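Asks: predicted model, plus sequence, below.
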Protein chains: 2
Amino acid sequence: MSSKPIRLTGTSYAVLALFDQCGGEATSYDLKQALDTSIQNFWPVPHTTAYEEPARLAKAGYLTARQEEGGRRKRVYALTEAGREALREWAADPSASAPQLKEEAVLKVFAGGDPGPLLASRIAWHRGKLEEFGEYLDAVRGVEGMEGQERALTVGTGYHQKMIELLESLAAEVARAEG
Amino acid sequence: MSSKPIRLTGTSYAVLALFDQCGGEATSYDLKQALDTSIQNFWPVPHTTAYEEPARLAKAGYLTARQEEGGRRKRVYALTEAGREALREWAADPSASAPQLKEEAVLKVFAGGDPGPLLASRIAWHRGKLEEFGEYLDAVRGVEGMEGQERALTVGTGYHQKMIELLESLAAEVARAEG
DNA sequence: TGTTCACCGTTCGTCCCGTACTATACGACT
DNA sequence: AGTCGTATAGTACGGGACGAACGGTGAACA
């Protein structure tokens, strides 16, 4: 079954988890869509990963691949028992690598950039996300098979709210220091 | 001066910014120390970067390198005018790439892991960070030339507090859903 | 039937990053 | 003096992550 053994990374499991939530079968494009509207908030991946990673996982036997004939010749991937098992095992282990935040705006402030515009535009960005999520949530709420999506969006909403609070308090602090 | 042109990434500027805060001159080891106690909170970098990135920047003329003779033969890097200028220019640009959070614990919860232990240990981790920062802050507060460090630690403190709030509300939500 | 545009998919090069390892300094213990 | 342990300092390397750029597909509309 599994030909080449590979090392599974966090991203691998993120992909496996999405397949699992999609009922075990999906195309790379489905995956990309699901990524953008769910786990991007706490596990960002570039869209190319939606194409590369399933191929990698298939080579190792965690997925099976089947290519459609006509048109765009999409590849449809499906979880194997090995894939499902690997996912379960990983999720059951309560340890997790340290969380990371990458925030270029704050880095710029640290480096001497003008905090006003930097923080303001970042806050606006997070507000935009909140709005976007509101719409997704309306579309997804209560729909069967979308519970995962919904939970992820809820988490994302909380995250963006907290970030807004953080950035606003930073902005206030800076303003106070200058005023 | 600058021989090989290279692409400057966020990490490059992070390194340049730290050199700037160290008075323009530092060894890779100094850099590593500074990284760990300041920008890791909003721009994580592995320690090997403290050795690789300065070498890359030096090749392109943003730093100069000078190797000590005796003992460990440390390399001492110093900001050039080009480096300082590049940093200024970047920091002055109010645009910034989208912020990213990578949180494996939340990903595991999303993938079906037991939220209780996952969230609890994560919360404990953030609390540990807060304590650690409290100590650093005590050591650094009011010390001349450490204002950058201090600001970074203050930001980090706020960040960890917000994360604790977020994780606690998630845990409460999960508990409610199960209760 | 051609143009346009959104959708779908891949390639490629380089940066990132963790693991593992080497080596130096220095104090403590025997 | 020797050697052990530990903190400090630096390096090598392989493969995953990432983004820019591009190439095909198909449906709508002129």
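Replies: Here it is on my side, so go on.

Asks: so which residues of chain A form helices?
Replies: Assigned by DSSP state H, chain A shows helices spanning A:10-21, A:28-36, A:49-59, A:81-92, A:104-110, A:115-140, A:147-178.

Asks: mean neighbour count, distance to DNA strand C and mean pLDDT for those - can I get that in JSON lines?
Replies: Placement of C-beta: from N, CA and C, glycine included. As requested, those are exported to JSON lines (neighbours: other Cβ atoms under 10 Å in any protein chain shown; distance: least, Cβ to the nearest atom of the strand, whole Å; pLDDT from 0 to 100):
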{"stretch": "helix A:10-21", "mean neighbour count": "23", "distance to DNA strand C": "10", "mean pLDDT": "97"}
{"stretch": "helix A:28-36", "mean neighbour count": "18", "distance to DNA strand C": "3", "mean pLDDT": "94"}
{"stretch": "helix A:49-59", "mean neighbour count": "19", "distance to DNA strand C": "4", "mean pLDDT": "96"}
{"stretch": "helix A:81-92", "mean neighbour count": "17", "distance to DNA strand C": "15", "mean pLDDT": "97"}
{"stretch": "helix A:104-110", "mean neighbour count": "26", "distance to DNA strand C": "11", "mean pLDDT": "96"}
{"stretch": "helix A:115-140", "mean neighbour count": "16", "distance to DNA strand C": "15", "mean pLDDT": "93"}
{"stretch": "helix A:147-178", "mean neighbour count": "18", "distance to DNA strand C": "17", "mean pLDDT": "93"}
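
Asks: between these, which one is closest to B:Arg73.
Replies: Minimum separation from B:Arg73 across the helices of chain A (Cβ to Cβ) falls at helix A:104-110, 30.9 Å.

Asks: who does that closest one touch, helix- and strand-wise?
Replies: helix A:115-140, helix A:147-178, helix B:10-21, helix B:147-178 (3 or more Cβ pairs under 8 Å, 6 or more residues apart in numbering or on different chains; DSSP states H and E).

Asks: that one near DNA strand D at all?
Replies: No: using Cβ under 7 Å from any atom of the strand, helix A:104-110 stays clear of DNA strand D, coming no nearer than 10.3 Å.

Asks: distance from that helix to the middle of the chain?
Replies: 23 Å (Cα atoms, centre = their mean, to the nearest Å).

Asks: please save the CA atoms from that helix in PDB.
Replies: Provided in PDB are the C-alpha atoms of helix A:104-110 (Å, rounded to 0.1, in the frame of the first residue of the first chain):
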ATOM      1  CA  GLU A 104       4.600  42.400  10.200                       C
ATOM      2  CA  ALA A 105       2.800  45.500  11.200                       C
ATOM      3  CA  VAL A 106       3.900  45.100  14.800                       C
ATOM      4  CA  LEU A 107       7.400  44.300  13.600                       C
ATOM      5  CA  LYS A 108       7.400  47.600  11.700                       C
ATOM      6  CA  VAL A 109       6.300  49.500  14.800                       C
ATOM      7  CA  PHE A 110       9.200  47.800  16.700                       C
END
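
Asks: how does chain A divide into domains?
Replies: Residue ranges for the domains of chain A, per automatic domain parsing: A:10-92, A:104-178.

Asks: farthest residue from the center of chain A?
Replies: When each C-alpha in chain A is compared with the mean C-alpha position (Cα atoms, centre = their mean), A:Gly179 comes out farthest, at 39.6 Å.

Asks: contacting residues for A:Ala78?
Replies: Residues near A:Ala78 by Cβ atoms under 8 Å, 6 or more residues apart in numbering or on different chains: A:19, A:24-25, A:63-64, A:66.

Asks: and it, bridged to which residues?
Replies: A:Glu25, A:Thr64 (DSSP bridges).

Asks: distance of it relative to A:Ile39?
Replies: 20 Å (Cβ to Cβ, to the nearest Å).

Asks: show me the contacts for the closest residue to A:Ile123 other than its chain neighbours.
Replies: Once flanking residues are discounted, A:Ile123 sits nearest to A:Leu167: 5.0 Å by Cβ to Cβ, 6 or more residues apart in numbering or on different chains. A:Leu167 makes contacts with A:119, A:122-123, A:126, as judged by Cβ under 8 Å, 6+ apart.

Asks: could you list every residue that touches the nearest residue to A:Ala91 once chain neighbours are set aside?
Replies: The spatially closest residue to A:Ala91, leaving aside those adjacent along the chain, is B:Gly113, at 3.8 Å (Cβ to Cβ, 6+ apart). With contact taken as Cβ under 8 Å, 6+ apart, B:Gly113 is in contact with A:91-94.

Asks: is it possible to export these to JSON lines including distance to B:Glu53?
Replies: What follows is these, written out as JSON lines (distance: Cβ to Cβ, whole Å):
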{"residue": "A:Ala91", "distance to B:Glu53": "35"}
{"residue": "A:Ala92", "distance to B:Glu53": "38"}
{"residue": "A:Asp93", "distance to B:Glu53": "33"}
{"residue": "A:Pro94", "distance to B:Glu53": "34"}
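
Asks: closest to B:Leu107 out of the residues you listed?
Replies: A:Ala91 (8.8 Å).

Asks: right, and the closest one touches B:Val106 too?
Replies: No: using Cβ atoms under 8 Å as the test, A:Ala91 is too far from B:Val106 to be in contact (11.7 Å).

Asks: dump the residue contacts of the closest residue to A:Glu150 other than its chain neighbours.
Replies: With Cβ to Cβ, 6+ apart as the criterion, A:Glu150 has its nearest non-adjacent residue at 5.2 Å, and that residue is A:Val140. By Cβ under 8 Å, 6+ apart, the contact set of A:Val140 is A:146, A:149-150, A:153.
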